[in-house]
Every structure is written in structure tokens, then in C-alpha cells.
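Asker: Just a sequence and a predicted model for now, questions to come.
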Amino acid sequence: MSAAIFPEKMFNRHTKIIATLGPATDAPGVLDALIAAGMDCARLNCSHGTHEDLRRRAREVRAAAARASRPVGVLFDLQGPKLRLSGEAVPCSVQAGEVVTFTCTADDVGERRVPVDFPEFPRLVTERSEIVVGDGVPRLVVESVGPGEVVARAMSAGELVPRKGINVTYARPELPAITDKDLRDLALAAELDADFVALSFVRSAADIEQLRARLDEYGRRGRTIAKIEKIEAYEHLDEIIAVADGVMVARGDYGVEAGVSRVPLMQKDTIYRATQAGKLVITATQMLESMIQAPEPTRAEATDVANAVIDGTSAVMLSAETSVGQYPVEAVRAMSQLAEAAEEAPVIHGRAQAGIRDTPAGAVMHAAVELAEELGAAALLVPTSGGGSPRACAKYRHRQPIIALPHSEEVANQLALEWGVYPQTMDVSGSVDDLIERALLTAKELAGFASGTRVVITAGQRTGTTGATNLIMVRDIP
């Protein structure tokens with residue numbers, strides 16, 4: 001028998017890790033080292049790099065995953081609608097209390113008349129809006145909206161410089177949810193069979209429904225991720241969770257829009273609500289920011305990661321730390337160690353509460369999770385067609401690893417991001433007895449279980465059929 005693909009020690013970390021690819025990960029051997037250090041999913045940020053860069057990196061991830069004999073997800077992160085000050089803007093400093101006029105043309109430009117690179121800007125802004133420049137300063141409150149211009153008063157001091165990004169709170173839906181650039185990037189994601197597609201600046205459930213429709217047009221079943229980074233998104237969180245396959249707590253732009261002080265409770269609430277709904281939830285932005293230039297994280301960063309893990313996040317994400325940082329492999333390794341240590345907490349707070357299950361299969365999966373914990377089983381084995389059964393187990397955040405046994409590599413890659421789920425492909429079986437024996441032998445090879453190790457296994461009388469799970473068994477590894 002070959003060596004275990006997932007050594008038993010790897011089951012000690014249930015929280016998954018996403019690493020953003022970039023120039024720092026392009027050198028030969030780095031992707032293999034990232035996977036060995038604990039990367040479960042690679043993020044391709046469509047805001048940076050050419051299509052050829054994205055295509056090459058996606059293919060290199062697939063090759064590295066094949067070498068490691070492990071499922072590794074690929075996440076395409078769409079840029080979304082991005083507002084910027086015009087290149088014709090005159091650089092100036094703004095003090096609190098000063099009035100600035102934002103215009104939609106480059107005519108009559110001055111230090112307090114600033115053009116925006118969006119011709120419909122006055123239609124976008126409401127009198128309830130705030131205009132936030134750069135990473136949060138200056139922040140201006142809208143005083144009036146007139147033909148061709150928006151008058152706003154600064155609440156904090158800051159710099160206005162050409163091409164600087166801006167955010168508008170409580171904006172009218174004038175900006176498209178999916179831009180022309182996003183459509184081109186989405187076509188590439190479909191071409192490369194991306195496992196996840198994240199949509200930036202989501203405002204409502206309709207935005208995610210539009211993304212799903214576009215993916216369906218390409219005949220792709222990539223999982224949709226809604227990035228929660230706008231005030232409107234958080235206000236419509238339950239509706240967004242209902243239609244998305246997962247959400248990302250995108251703390252950077254949300255902190256810009258709502259203010260940094262609003263980020264911690266938003267994060268905790270989003271993790272909780274997503275977990276209760278059985279949806280994937282990713283926590284992102286500046287988690288180990290110091291490791292862009294330092295070989296180990298700060299104590300505050302360690303605490304930040306631990307809090308997200310204890311709250312029950314499915315995955316934690318590294319951005320610049322791995323894409324352009326000096327220590328990409330060390331950052332993944334540190335994240336893995338921090339998550340593993342944090343999971344020693346007596347309670348993972350985000351675990352879904354037992355309640356009314358909406359399907360018989362859901363009730364069966366809850367019973368299987370409870371049985372595995374009560375017996376102290378080494379693992380819960382879940383043969384699956386579409387991945388729904390392992391996801392139904394993951395939301396309870398129990399300690400027993402969930403060995404998911406899908407039929408396709410696509411489902412295996414998507415399950416690689418689910419909390420406590422360790423996927424490995426397995427052929428479709430012709431009978432329940434054959435399914436059980438295949439599952440036991442696959443789990444033995446995957447995890448290196450010794451003969452006689454006790455596991456709990458689920459099955460369905462119609463093998464290879466979605467939603468047909470109706471059996472639970474206690475078996476020993478042969």
C-alpha cells in the first residue's frame with residue numbers, strides 16, 4: 001500500500017487555507033512547497049496580472065496538486081466595479097470640514113474640484129452616501145447632488161491624488177455588478193474549470209444570481225463566493241447567503257466603507273450566520289500582513305487568526321503575504337500552525353445548532369456526525385456525488401475528520417475548502433456493499449488507518465445519486 005496522502009497529523013487542522021498566487025509564487029518548486037505547508041486552495045486575483053499569467057498559474061496549480069496526489073481548489077477572484085479619481089485630478093490635501101466638489105468631467109478642475117473617472121457619478125451618489133477615498137481617508141459626507149457634480153464635506157483629513165480608488169456607501173445600482181472586464185475574466189475562469197468564483201462589491205442576492213446565470217451559460221458548476229465588503233451587502237446578508245455557495249469576509253474594503261471599528265462584529269456575525277446556513281465562509285485581508293516582510297507573524301496577527309478559527313470560519317486567506325511577500329511558504333506554514341493551535345479551544349463557536357433539517361438526508365448526516373463523535377470514531381466516511389452530504393456534516397464543526405469520497409475531481413477540489421473535510425476521488429459503485437468496501441479501502445490508503453480502526457460510514461441505496469443518503473454504519477477498517 002502506498003504512503004498515506006493525508007497523514008493522520010493533518011487531520012488535526014480542520015480550518016482550510018487559501019493562498020493568493022503572484023510573482024512570489026512563480027519560482028520553480030514554490031507551489032509544491034505551498035501545498036506541503038498546508039495550502040488547500042490557490043486564489044487568482046483578477047485585479048493583477050494578464051490572462052496569460054492567470055492561465056499559467058492555474059495550470060501550474062493543477063500540476064502541483066497532481067504531483068502531491070491531493071485535491072487543491074482554484075479560486076478566481078473577479079475585480080468587480082472599481083471607482084477611481086480621474087487621472088486629471090489635481091493632487092491636494094483635504095482637512096476636516098473642507099468642502100470638495102466631485103465632477104464627472106475634466107473641465108474646470110482645481111484643488112477642490114475633483115473629477116471622477118465615471119460619467120454617471122452624480123446618479124450613483126445619494127444624499128445618504130459617504131465618499132471614502134483610498135484606504136479610508138479622507139472620508140466625506142455628501143451634502144448635495146446636482147447636474148454633473150456632487151458636493152461633499154470632509155469628515156477626516158487626507159490626500160486626493162489622481163487614480164486613487166474611491167468607495168461610495170448607499171449608492172444607487174448604477175454600476176454593473178459584473179463589468180466587461182469581469183466577463184472576460186469569467187470566460188477565462190470557465191475555460192480553466194475554476195472551482196470557485198468570487199464576486200467583488202456584492203450589493204444584493206441579485207448580483208450573485210447574475211454570476212450563477214453567467215456560469216450556467218458556460219456549462220460550469222464552479223462554486224459562487226459573495227465578497228461581503230459593502231455596507232449594503234451586510235444589510236442583505238441573509239438573502240446573499242441563501243443564494244451564494246459561500247461568502248468571504250473581505251475586511252479591507254468593508255473597513256474602508258463602514259470604518260475599521262465595525263469590522264470585528266461584522267466578521268463574527270457573518271461567520272455565524274453562514275455556518276448556521278451550512279455555507280462556506282472565508283475570512284480574508286491582512287491576516288498575517290507583517291509576513292510580507294518578516295519571517296514570522298506578530299502576536300496580534302496570531303490572535304486575529306485564532307479568533308477567526310474559534311468563531312468557526314471555514315477557511316482563512318493570505319493575500320499579499322504569499323503573492324508578493326518575501327516569505328510565502330513560511331506564511332502558509334504559520335497560518336497552518338496557528339489554526340491547528342486555535343482548534344484546541346473547547347468550543348468552536350460557529351458550529352451549527354441542531355434543529356429542523358429540511359431533508360431526510362440532512363437528518364441522516366446530522367445523526368452520522370453525532371454517532372461518530374459519541375463512538376470516538378477515527379473518521380466519518382461520506383461517499384458523495386455532488387458534495388452536499390459532506391457539507392451537511394461540516395457545518396456542525398465536530399472533531400472527527402470527514403473523509404469525503406466523490407466521484408469527480410471537480411467535486412473533490414471544491415470540497416477541499418470545507419471545514420474538516422478531506423476529499424479523495426472514488427469510482428462509482430454498482431451496489432451498496434461494493435460502495436462500503438471501496439470506501440473503507442480508500443480511507444485506509446488516504447489516511448494510513450491501521451486495520452481494526454473504527455469509522456462511521458454513510459451510504460445510499462441508490463449509489464451515485466445526489467440526495468439519496470439514508471444509511472449509517474459502524475465499521476472497522478479491514
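Answerer: Yep, it's here. Computed from a predicted model, the values in this text were never measured in an experiment. Numbering: from 1, shown residues only.

Asker: next one: phi and psi at the spatially most central residue of the chain?
Answerer: Residue closest to the mean C-alpha point of the chain, counted by Cα atoms, centre = their mean, is residue 282 at 3.9 Å. Backbone torsions of residue 282, given as degrees, to the nearest 10, read phi -110, psi 130.

Asker: mind listing what it touches?
Answerer: Going by Cβ atoms under 8 Å, 6 or more residues apart in numbering, residue 282 touches 18, 225, 246, 247, 248, 249, 313, 314, 315, 316, 317, 417. Bear in mind the C-beta positions are built from the backbone N, C-alpha and C, glycine included.

Asker: Which residue, other than its chain neighbours, is closest to residue 126?
Answerer: Nearest non-adjacent residue to residue 126, counting by Cβ to Cβ, 6 or more residues apart in numbering: residue 170, 5.6 Å away.

Asker: and residue 30, what does it touch?
Answerer: By Cβ under 8 Å, 6+ apart, the neighbours of residue 30 are 24, 328, 329.

Asker: Include pLDDT, neighbour count and distance to residue 153 when you put those into JSON lines, please.
Answerer: Listed next are the contacts of residue 30 as JSON lines, based on pLDDT from 0 to 100; neighbours: other Cβ atoms under 10 Å; distance: Cβ to Cβ, whole Å:
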{"residue": "24", "pLDDT": "98", "neighbour count": "20", "distance to residue 153": "42"}
{"residue": "328", "pLDDT": "98", "neighbour count": "30", "distance to residue 153": "43"}
{"residue": "329", "pLDDT": "98", "neighbour count": "23", "distance to residue 153": "48"}
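
Asker: From the opening residue of stretch 280-292 to its closing one, how far?
Answerer: End-to-end distance of stretch 280-292 (Cα to Cα, to the nearest Å): 27 Å.

Asker: now it: mean pLDDT?
Answerer: The pLDDT scores in stretch 280-292 average 98.

Asker: returning to that earlier point: from residue 316, how far out is the residue nearest to the centre of the chain?
Answerer: Look at residue 282 and residue 316: by Cβ to Cβ, to the nearest Å, they are 7 Å apart.

Asker: if we can go back for a sec, I'd like to know how many residues surround the residue nearest to residue 126.
Answerer: Residue neighbour count, defined by other Cβ atoms under 10 Å, stands at 16 for residue 170.

Asker: thinking again about what came up before, for residue 317, see how far away the residue nearest to the centre of the chain is.
Answerer: Residue 282 sits 6 Å away from residue 317, going by Cβ to Cβ.

Asker: and for the two, which residues touch both?
Answerer: 18, 248.

Asker: Okay, the spatially closest residue to residue 326 that is not a sequence neighbour and residue 189: tell me how far apart.
Answerer: Excluding its sequence neighbours, the residue lying closest to residue 326 (Cβ to Cβ, 6+ apart) is residue 293, at 5.8 Å. Going from residue 293 to residue 189 by Cβ to Cβ gives 31 Å.

Asker: And for residue 412?
Answerer: In terms of Cβ to Cβ, residue 412 sits 18 Å off from residue 189.

Asker: same question, residue 13
Answerer: Applying Cβ to Cβ to residue 13 and residue 189 gives a distance of 28 Å.

Asker: The two: which has the busier surroundings?
Answerer: Applying other Cβ under 10 Å to residue 13 and residue 189 shows that residue 189 carries more neighbours, namely 28 against 22.

Asker: which helices and strands does the helix or strand hosting the more buried one pack with?
Answerer: For residue 189, the host element (DSSP states H and E) is helix 180-191. If contacts are counted by 3 or more Cβ pairs under 8 Å, 6 or more residues apart in numbering; DSSP states H and E, helix 180-191 sits against helix 51-68, strand 73-77, strand 196-199, helix 205-217.

Asker: who are the neighbours in contact with the closest residue to residue 95 other than its chain neighbours?
Answerer: Closest residue to residue 95 apart from its sequence neighbours, by Cβ to Cβ, 6+ apart: residue 157 at 5.0 Å. By Cβ under 8 Å, 6+ apart, the contact list for residue 157 reads 93, 94, 95, 96, 137, 138.

Asker: Closest to residue 121 out of these?
Answerer: Ranked by distance to residue 121 (Cβ to Cβ), the contacts of residue 157 are led by residue 138 at 16.8 Å.

Asker: How about the contacts made by that closest one?
Answerer: Counting by Cβ under 8 Å, 6+ apart, residue 138 makes contact with 94, 96, 154, 155, 156, 157, 158, 159, 160.

Asker: again, only this time at 7 Å
Answerer: Neighbouring residues of residue 138 by Cβ atoms under 7 Å, 6 or more residues apart in numbering: 94, 154, 156, 157, 158.

Asker: Could you do residue 430 as well?
Answerer: Under the criterion of Cβ under 7 Å, 6+ apart, residue 430 has no neighbours.

Asker: so where do the helices sit in the stretch 1-150 of the chain?
Answerer: 30-37, 51-68, 121-124 (DSSP state H, counting those that start in this stretch).

Asker: Looking at those helices, which is nearest to residue 333?
Answerer: helix 30-37 (4.2 Å).

Asker: ok, back up a step: reformat the contacts of residue 30 as JSON lines; add distance to residue 381.
Answerer: Shown next, in JSON lines, are the contacts of residue 30 (distance: Cβ to Cβ, whole Å):
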{"residue": "24", "distance to residue 381": "38"}
{"residue": "328", "distance to residue 381": "34"}
{"residue": "329", "distance to residue 381": "32"}
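
Asker: coming back round to it: does the residue nearest to residue 326 touch residue 327 like I think?
Answerer: No: at 8.1 Å, residue 293 and residue 327 do not qualify as touching, with contact defined as Cβ atoms under 7 Å.
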